[in-house]
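# missing the sequence, but the structure's below:
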């Protein structure tokens, strides 16, 4: 038993450390987020915070290790056919938290279910993603697909430990994709028993990963405990994980200073206060912030207007003097440092620069747009979410930039992220929207697919036959050099149209306790991996 002197000393140490980004509780990692967990069903949700939570309790065929590299997870190994179109995965001995074995059928069931649910990431099974055989046709059918039709999907469980996946085209990044949540397995018996409740409360979740979900109050807090049935439990050093949800950056920073959280992202207004401290971290998020213009609205369908808007944005000033979080001015639609060509060159470097700042040109393009639209004044609505920092900061900056042009008026339309995406953008009830896209895998197509006619995330309804044709060639091309050249052509063609208006590549600022190690942050795929966190 410890003496009173030891306890007093420990208490004093804890009090001192709380204010300098460290703590003595080594059993719990406390993570603050501005966002909420929308759900725990990997076949339905499509947001980064939900993926963080799902990834905490679920492994896929592959995962990222403590260095951020793709490694085997539930798959202990795999074989690839000579043509690169058939993968045979051999599964490890793993269990769900209810004691059931993880089987190959868990993947078959989940992949079929995301199609039947018409999930927002169902397209990732098709030729825009993994190129699974017959997936694209089945995605078009969605909930209308019969069981017989669903059985044509190119994924089969030949036995409990063997999963065979057939592809339409060779996909160079296929094993990287398998670490993404839309490809995660689900336990059929458990999901069917839960019905519509699946993924809505801790008791309706099931784990095969590092943690299990024990408590969840939406908009407040989620708690996780180490999963003793996890096949790699020895690698999990921290017993508890707590996610503090919907904490604005100022509150999160205060809680960090008071020792109540161990990790918190902060916004640009707080950077100057913390920059230079050893708890301050600049991270690369990988997101591209950009503008979607509604091509079904006469005003924003005007190409000259889109060029005027793009030239009016001083991206360097926005990044350096307003955001101040390591964000970089966008020069194209595919961000830098996403991936390299077969010769080792960054895509952004090879593809070129498509946007810039020039107020004189902006006014010239606006004047041309006014003439074409037959008006002296163009009024545009700028939609943004107040709960998705720094989109609100970007929107305010853009309002100022656009309003400097003679004959252009800007109406600010404030809402929340959920309404912006799933209501206004989905129903075409907007003119210009501030949004962002994060890469799901390390290949330019994770961005270029957004140009495709009919892509469900192409909310502006942009359509270009040449782009669609080039992308079909990209999907079918097995020569990596030719494929790379085709992808640069896709970006050039779409950005000559200004299908989207790139603004900046998102950096971020975060506060991390000094004695926290092993938190894996990725600019591609799931943002955070908690499995390797240690607190010393």
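Done, it's in. Note that the structure is predicted; figures quoted are calculated from it, not measured.
# Give the helix, strand or coil label for the residue lying closest to residue 307 once chain neighbours are set aside.
Once flanking residues are discounted, residue 307 sits nearest to residue 365: 4.2 Å by C-beta to C-beta, 6 or more residues apart in numbering. No exception for glycine: its C-beta is placed from N, CA and C like everyone else's. Using DSSP: H, G, I helix; E, B strand; the rest coil, the structure places residue 365 in helix.
# do the same with residue 300
The three-state assignment at residue 300 reads coil, by three-state DSSP.
# For stretch 459-472, which outside residues touch it?
With contacts defined as C-beta atoms under 8 Å, 6 or more residues apart in numbering, stretch 459-472 is touched by 292-296, 421, 425-426, 428, 433, 445, 448-449, 451-453, 486, 489-490, 493-494, 497, 499-500.
# give the contact list for the residue nearest to residue 307.
Residue 365 sits next to 304-305, 307-308, 311 when contact means C-beta under 8 Å, 6+ apart.
# per-residue confidence averaged over stretch 59-69?
Regarding stretch 59-69, the rounded mean pLDDT is 95.
# so how far is the first residue of it from its last?
One end of stretch 59-69 to the other measures 15 Å (C-alpha to C-alpha, to the nearest Å).
# for that stretch, the distance to its chain's centre please.
Relative to its chain's centre, stretch 59-69 lies at 16 Å (C-alpha atoms, centre = their mean, to the nearest Å).
# I would like the residues contacting it, please.
70-75, 78, 89, 94, 107, 163, 175-176, 178-181, 183-185, 208-210, 518, 520-522, 525-526, 529, 532.
# Next step: these restricted to strands.
Among the contacts of stretch 59-69, DSSP state E puts 70-72, 75, 78, 89, 163, 520-521, 529 in strands.
# Sort out which of these are buried, if you could.
The neighbour count (16 or more other C-beta atoms under 10 Å) marks 70, 72, 75, 78, 89, 163, 520-521, 529 as buried among the ones in strands among the contacts of stretch 59-69.
# Can you name the two of those residues that sit furthest apart?
163 and 521 (29.4 Å; C-beta to C-beta).
# Can you show me the helices along the stretch 201-350 of the chain?
Under the criterion DSSP state H, counting those that start in this stretch, the stretch 201-350 of the chain contains helices at 249-257, 268-274, 303-311, 315-317, 347-351.
# Which other helices and strands does the second one contact?
Counting contacts by 3 or more C-beta pairs under 8 Å, 6 or more residues apart in numbering; DSSP states H and E, helix 268-274 is packed against helix 249-257, strand 500-512.
# make it 7 Å
With contacts taken as 3 or more C-beta pairs under 7 Å, 6 or more residues apart in numbering; DSSP states H and E, helix 268-274 sits against helix 249-257.
# Check what contacts the helix it packs on and list those residues.
19, 21, 32, 34, 247, 261, 264-267, 270, 389, 511 (C-beta atoms under 7 Å, 6 or more residues apart in numbering).
# Okay, and which of these map to strands?
Per DSSP E, the contacts of helix 249-257 map to strands at 32, 264-266, 511.
# Any chance of those in CSV with neighbour count as columns?
Compiled in CSV, those are given as follows (neighbours: other C-beta atoms under 10 Å):
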residue, neighbour count
32, 27
264, 28
265, 24
266, 25
511, 24
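# would you turn those residues into CSV with pLDDT?
Output for those, formatted as CSV (pLDDT from 0 to 100):
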residue, pLDDT
32, 97
264, 96
265, 91
266, 91
511, 97
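# just those residues now: which is nearest residue 350?
For the ones in strands among the contacts of helix 249-257, the residue nearest residue 350 by C-beta to C-beta is residue 265; the value is 31.6 Å.
# Leaving out sequence neighbours, find the closest residue to that closest one.
Excluding the flanking residues, the one nearest residue 265 by C-beta to C-beta, 6+ apart is residue 510, at 4.7 Å.
# ok, that neighbour - contacts?
Residue 510 sits next to 263-266, 281, 283 when contact means C-beta under 7 Å, 6+ apart.
# hmm, which two among these are most spread apart?
Among the contacts of residue 510, 264 and 283 lie farthest apart (C-beta to C-beta), at 12.2 Å.
# all helices of the stretch 401-536 of the chain, in order?
Using DSSP H, counting those that start in this stretch, the helices found in the stretch 401-536 of the chain span residues 417-419, 445-448, 465-476, 480-496.
# most packed of those helices?
Each of the helices of the stretch 401-536 of the chain was scored by mean neighbour count; the highest is helix 445-448, a mean of 24, by mean count of other C-beta atoms under 10 Å.
# helices or strands up against that helix?
By 3+ C-beta pairs under 7 Å, 6+ apart, helix 445-448 packs against helix 480-496.
# Quick one: list the elements packing against the helix it packs on.
In terms of contacts (3+ C-beta pairs under 7 Å, 6+ apart), helix 480-496 is packed against helix 347-351, helix 445-448, helix 465-476.
# mean confidence score for that helix?
Helix 480-496 comes out at a mean pLDDT of 96.
# Where does the prediction get shaky in this protein?
Within the chain, the ranges that satisfy pLDDT under 70 run 1-25.
# Pull up the gap between the residue nearest the centre of it and residue 523, please.
Central residue of the chain (C-alpha atoms, centre = their mean): residue 438, 4.2 Å from the mean position. Distance from residue 438 to residue 523, counting by C-beta to C-beta, to the nearest Å: 8 Å.
# Run a quick neighbour tally on the nearest residue to residue 378 once chain neighbours are set aside.
Of all residues not flanking residue 378 in the chain, residue 408 sits nearest, at 5.4 Å (C-beta to C-beta, 6+ apart). Residues within reach of residue 408, counting by other C-beta atoms under 10 Å, total 21.
# Hmm, residue 366 and residue 408 touching each other?
Yes: applying C-beta atoms under 7 Å, one finds residue 408 in contact with residue 366, separated by 5.8 Å.
# which residues does residue 54 contact?
Residue 54 is in contact with 40, 42, 181, 184, counting by C-beta under 7 Å, 6+ apart.
# before we move on, what about residue 431?
Residue 431 makes contacts with 294, 297, 299-300, 380-381, as judged by C-beta under 7 Å, 6+ apart.
# are any of those residues buried, and which?
So, by 16+ other C-beta under 10 Å, the buried ones in the contacts of residue 431 are 294, 297, 299-300, 380-381.
# Same list (these) but as TSV, adding distance to residue 28.
Below are these laid out as TSV (distance: C-beta to C-beta, whole Å):
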residue	distance to residue 28
294	46
297	50
299	52
300	48
380	48
381	45
